[in-house]
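Chemist: task: produce atomic coordinates for the following.
(one chain, ligands or ions: 1)
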Amino acid sequence: MIQIQKVHGSMNTFFLLDQTELIQPLTQTELVNLAKHITDNNQGLLNGSDGLLVVDHSDHPSCIGSMQVINTDGSIASMCGNGLRTVSRYLAEKFGQTEFRVETQDADLHVSQEANFAEGVPTFSVEISPVSFNRESLPFSNLNTDTLINQAIPEIDDNLTFTAIAVPNPHLISFVSEDTMTSNSLANIGATLNSKNPYFYDGVNVSYAQIIGHNSLFVRTFERGVGFTNACGTGMSATSLAFCLNHPEMADYEQTITVFNPGGMVKTRVHQLKNNNYYIDLIGNATVTHQILISEQDLHTNLLDNVQAQETGEQLAYDSFITNIKAPIK
Ligand SMILES: N[C@H](CCC[C@H](N)C(=O)O)C(=O)O
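Modeler: Modelled structure (predicted):
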């Protein structure tokens, strides 16, 4: 039997599969089929999840493992911040290390274990990088501009302004009022830009942010390949950078920014390097809710009927952490 996990960062939920534990690793087609099935809210396991995280060996000398992220629709995400925290915890426990690098699609990222956010809430910090504003990196087209930094896009909305940042997965961010946050606007724009459209033709994660106070935000995200999630780690990181760029009187580089989200809270730190280069630290919980046993054969054939799933009890500690943080907005 193979042990897989159900995990979350800010209630952004994933199944985590370590390919190195298998005699015969799954092929890419098998992984995509498994991701679509296991994450399905109705037909999947334990009410599904937002994605599948695939851990594997890395042949990069500086990395102790690699992570691939598969969205619920089977598309590949180049990065996942909440997911990387849970992969970091998994690798930290497996190899007995507290600081190392993990290979992701586009970059080898530095991660470290941090002081627990609360009792029973293991906490990790992950590097979010590389950052790009270029049209080609996002990508977008037909908007008559090479970058979007706090700009109106009448093709998308009549009133809002947007900032587009790849970290390296693509994000479109708008700072909005409470009325807009609670309207259908995010659902509409998220759905439009993640179906066939001439602007963000590969889809884009769309985040709305409300400024709570100095270095404090609430962020809600409609994710590419998924839909609404409780939180998007790369989205909150990109939004923190957009906060520093667009609202310099309210946000500080190098300082801790608190980002509330529908699933909890994370902390970010935006680092400004030379030549308009940036990277972000994303700090938050890495919670394992279930340990699951499944046969290697069933993983290959995508059969989820014979699994044994056991709750870890960690969710209780997470729930009490959430109750105590008093999020300003739900
Ligand atoms: N939830 C993830 C991001 C998944 C990104 C994915 N939806 C995409 O870019 O395709 C996070 O915590 O960063």
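
Chemist: what comes into contact with the longest strand along the chain?
Modeler: Determined from DSSP state E, the single longest strand within the chain is strand 108-118. Residues from elsewhere that reach strand 108-118 (CB atoms under 8 Å, 6 or more residues apart in numbering): 58, 60, 62-63, 84-85, 88-89, 92, 98-102, 122-129, 283-285, 317, 320-321, 324. Glycine gets a C-beta too; all of them are placed from N, C-alpha and C.

Chemist: now, those that are in helices?
Modeler: 84-85, 88-89, 92, 317, 320-321, 324 (DSSP state H).

Chemist: just the buried members of those residues?
Modeler: 84-85, 88-89, 92, 317, 321 (16 or more other CB atoms under 10 Å).

Chemist: name the element Gln3 belongs to?
Modeler: Taking DSSP states H and E as the definition, one finds Gln3 inside strand 2-9.

Chemist: so the helix or strand Ile70 falls within versus strand 108-118, what angle?
Modeler: Per DSSP H and E, Ile70 falls inside strand 63-71. Strand 63-71 runs at 80 degrees relative to strand 108-118, counting by axes from the mean of the first three to the mean of the last three CA atoms, to 10 degrees.

Chemist: who touches the helix or strand following strand 63-71?
Modeler: Later in the chain than strand 63-71, the nearest helix or strand by DSSP H and E is strand 76-77. Here strand 76-77 makes contact (CB under 8 Å, 6+ apart) with 51, 68-71, 105, 169, 224-225.

Chemist: now strand 76-77: mean pLDDT?
Modeler: Average pLDDT, strand 76-77: 96.

Chemist: from the chain's centre, how far out does that strand sit?
Modeler: Mean C-alpha position of strand 76-77 versus that of the full chain (CA atoms, centre = their mean, to the nearest Å) differs by 11 Å.

Chemist: hmm, back to that, in its sheet, what does the longest strand of the chain sit against?
Modeler: strand 99-103 (antiparallel), strand 121-128 (antiparallel) (DSSP bridges).

Chemist: tilt between the last one and strand 2-9?
Modeler: If I follow you right, that is strand 121-128. Going by the same axes, to 10 degrees, strand 121-128 makes 80 degrees with strand 2-9.

Chemist: return the alpha-carbon coordinates of strand 121-128 using PDB.
Modeler: In PDB, the C-alpha atoms belonging to strand 121-128 read as follows (Å, rounded to 0.1, in the frame of the first residue of the first chain):
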ATOM      1  CA  VAL A 121      -0.300  24.600  13.100                       C
ATOM      2  CA  PRO A 122       3.000  23.800  11.400                       C
ATOM      3  CA  THR A 123       4.200  26.800   9.400                       C
ATOM      4  CA  PHE A 124       6.500  27.100   6.400                       C
ATOM      5  CA  SER A 125       7.900  29.900   4.400                       C
ATOM      6  CA  VAL A 126       8.300  29.500   0.600                       C
ATOM      7  CA  GLU A 127      10.000  31.700  -2.000                       C
ATOM      8  CA  ILE A 128       7.700  33.000  -4.700                       C
END
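
Chemist: what average pLDDT does stretch 215-232 get?
Modeler: In the prediction, stretch 215-232 has an average pLDDT of 97.

Chemist: could you do stretch 87-100 as well?
Modeler: pLDDT averaged over stretch 87-100 gives 98.

Chemist: and the contacts of that stretch?
Modeler: 5, 7, 16, 18, 53, 55, 63-65, 67, 102, 110-113, 122, 124, 126, 286, 288.
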